[in-house]
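J.: Following is a predicted model, sequence given first.
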Amino acid sequence: MGTNDTIIAMTAIVMGMLTLLIPITGLTARFALKPLMEALAKYRELQGQDQAQQLLERRMALLEEQLHGMDRSIRDLVDESDFRRQLEGGRARQALPVSRIVAEPQPALAAEALLAER
């Protein structure tokens, strides 16, 4: 046998073995990796649920904060309304006393008055 015949024979043997080994390797990998892939899928699913739960918790906290803010605003409005009611209804309104302002002569007008007298 020559070198070419040896190479052809080796190639045929390798190809024949590969036709059997490739499906066997695929099945082995499938059975070996299936539990690992299922575990990863469960982990990601649980992680997604945790993220969804955290998102809901954040939204609830924000809503509670807004509710507390609205409650404070309503209390402030009620307090202001009570204050106004007490101011307006506590006693009868009295007119402000009219002040009597005595006009003081202004210096320019006083000088003109003195000149007019002369």
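T.: Received the coordinates, thanks. These numbers come from a predicted model, not from an experiment.

J.: I'd like to know how far residue 64 sits from residue 70.
T.: Plainly put, residue 64 is 11 Å away from residue 70 if you go by CB to CB, to the nearest Å. In short, each C-beta sits where N, CA and C put it, glycine included.

J.: same question for whichever helix or strand residue 11 is part of, mean pLDDT?
T.: Using DSSP states H and E, residue 11 maps to helix 3-89. The predicted model assigns helix 3-89 a mean pLDDT of 91.

J.: ok, residue 16 to residue 26 distance?
T.: The gap separating residue 16 from residue 26 is 17 Å, by CB to CB.

J.: ugh, wrong one, I meant residue 63
T.: Distance from residue 63 to residue 26, by CB to CB: 53 Å.

J.: Can you get me a residue count around residue 31?
T.: Neighbours of residue 31 under the rule other CB atoms under 10 Å: 9.

J.: err, residue 55, not the other one
T.: If you count neighbours by other CB under 10 Å, residue 55 ends up with 10.

J.: do the one 3 residues further on as well
T.: Using other CB under 10 Å as the criterion, residue 58 is surrounded by 10 other residues.

J.: check contacts around it.
T.: Contact analysis of residue 58 by CB atoms under 8 Å, 6 or more residues apart in numbering lists nothing.

J.: Could you count how many residues lie near residue 38?
T.: As a measure of burial, residue 38 has 10 neighbours, counting by other CB under 10 Å.

J.: before we move on, what about residue 77?
T.: The tally of other residues near residue 77 (other CB under 10 Å) stands at 10.

J.: distance of it from residue 36?
T.: On the measure of CB to CB, residue 77 and residue 36 end up 61 Å apart.

J.: what do you get for residue 23?
T.: Taking CB to CB, one finds residue 23 at 21 Å from residue 36.

J.: next one: residue 86
T.: 75 Å.

J.: now swap in residue 55 and tell me
T.: From residue 55 to residue 36 the distance is 29 Å (CB to CB).
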